[in-house]
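In: After the sequence you'll find the predicted model.
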Amino acid sequence: MTDTIDVVGIVGSLRRQSFSRRLALALTAVAPASLKVDLAPIGGLPLYDQDEDADPPAPWREFRERVRRADAVLFVTPEYNRSVPGVLKNAIDVGSRPYGQSAWNGKPCAVVSCSPGSQGAFGANHHLRQSLVFLNMPVMQQPEAYIGGVDKLVDENGKFSNPSTGEFCRGVMASFERWIQTVRGGG
């Protein structure tokens, strides 16, 4: 019997019906039963400002605590201007501060990027990985997950409308479970 693994999901888009949010819901649905994925909202996080570290706003404290409690992190992001959306970068900054107290430290993670375009947000995926390396987050390397044409592959209810994409993503989530176990020393 595998223990339940608490995964915090971070969606890099604020729009309620964003393709990234739809994909995150679809990934959650095909994840192994041992992965409990909970999407943490990031839209209400005030912009990171080091002057606020002495008395951080409540949303920062709550977000940092949610990340600390998690066993692992699943990032699902679109691409804005060949990089990650500002709201995602802000969440990363909020969670990584104050310096030396990063909530992200040592958390195994996976990155899934998506776009209606054919490249599947390749640039955002790799740009995000650069930050995660600095944050000491062991990032799952394979399989790489760039979901191009996402607007035709995931419906408005967060369900895969393309069976082969669903199977690919089921494999991504199964690999993520094994990755988490490996990083935690049990795989």
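Out: Nice, thanks for sending it over.
In: Quick check: buried residues in stretch 78-96?
Out: Using 16 or more other C-beta atoms under 10 Å as the burial criterion, the residues of stretch 78-96 that qualify are 78-80, 83-85, 87-92, 94-96. C-beta: built from backbone N, CA, C; applies to glycine.
In: Check which residues of the helix with the most length in the chain are buried.
Out: Looking across the chain with DSSP state H, the single longest helix is helix 163-184. Neighbour-count burial for helix 163-184 flags 165-166, 168-170, 172-173, 175-177, 179-181, 183 (criterion: 16+ other C-beta under 10 Å).
In: cool, stretch 102-121 as well?
Out: Of all the residues in stretch 102-121, those buried under the rule 16+ other C-beta under 10 Å are 102-104, 107-115, 120-121.
In: And for stretch 19-34?
Out: The neighbour-count check on stretch 19-34 (16+ other C-beta under 10 Å) flags 19-31 as buried.
In: Pull the residues that contact it.
Out: Residues outside stretch 19-34 that contact it (C-beta atoms under 8 Å, 6 or more residues apart in numbering): 2-5, 7, 9, 11-13, 15, 37, 39, 74, 76-78, 112, 114-116, 147, 150-151, 154-160, 166, 169-170, 172-174, 176-177.
In: let's see 6 Å
Out: Stretch 19-34 has contacts (C-beta atoms under 6 Å, 6 or more residues apart in numbering) with 2, 5, 9, 11-13, 37, 39, 76-78, 114, 150-151, 154, 158, 160, 169-170, 173-174, 177.
In: pLDDT score assigned to the closest residue to F160 other than its chain neighbours?
Out: In space, F160 comes closest to G166 once its chain neighbours are excluded; the distance is 3.4 Å by C-beta to C-beta, 6 or more residues apart in numbering. Looking at G166, its pLDDT is 97.
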